[in-house]
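Undergrad: make a model of this:
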Amino acid sequence: MPRKRVLRPDRLRQIPSQFSWIDQRLVRERRIEGCDAHALALYLVLVTVADAQGLSYYGEASLQRLLSMPAARLVQARADLMRLGLIAYVCPLYQVLSLDAPAVPREPGMHSIEAGLARVRARLGAERDRIG
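TA: Down below sits the predicted model:
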């Protein structure tokens, strides 16, 4: 395997003062394989312009101009990203979504059921240790 070396030390990346990144899991977990070049271009712009919560208000006309993309193609690219769970969109607001699975909401009362089950398991374990 070739040895890694910095090719341009004068151009070494630094963390920017503004907030922006692209998660490597897009490639490692093969999430971008369902995207065409138009969807990836839109995703890149949205990740770049989003705030720390992933929110962006870039309008249709601005995105079409930035991406040199006709309206119908932009709509399709957005739909592809939404289908893949990479963005949410409610006109005029975009949100770049976390790649982490959403937390499963607990039903009311689940905490007390889980606590009760934990107590039962502990008693059974203590009983087993006493007998065994």
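Undergrad: in this protein, where is pLDDT below threshold?
TA: In the prediction, the chain carries residues with pLDDT under 70 at positions 15-20, 105-112, 125-126, 128-129, 132.
Undergrad: which residues in it form helices?
TA: Under the criterion DSSP state H, the chain contains helices at 25-28, 37-49, 60-67, 71-83, 110-131.
Undergrad: and the ones you listed, which is most packed in?
TA: Between the helices of the chain, the one whose residues have the most neighbours on average, counting mean count of other C-beta atoms under 10 Å, is helix 37-49 (a mean of 18). No exception for glycine: its C-beta is placed from N, CA and C like everyone else's.
Undergrad: which secondary structure elements does that helix sit against?
TA: helix 60-67, helix 71-83, strand 93-96 (3 or more C-beta pairs under 8 Å, 6 or more residues apart in numbering; DSSP states H and E).
Undergrad: among the ones you listed, which is nearest Arg8?
TA: For the helices and strands packed on helix 37-49, proximity to Arg8 was assessed by C-beta to C-beta; helix 60-67 is nearest, at 26.8 Å.
Undergrad: for the closest one, packing partners?
TA: Where contact means 3+ C-beta pairs under 8 Å, 6+ apart, helix 60-67 is packed against helix 37-49, helix 71-83.
Undergrad: that concludes my questions; thank you for your assistance.
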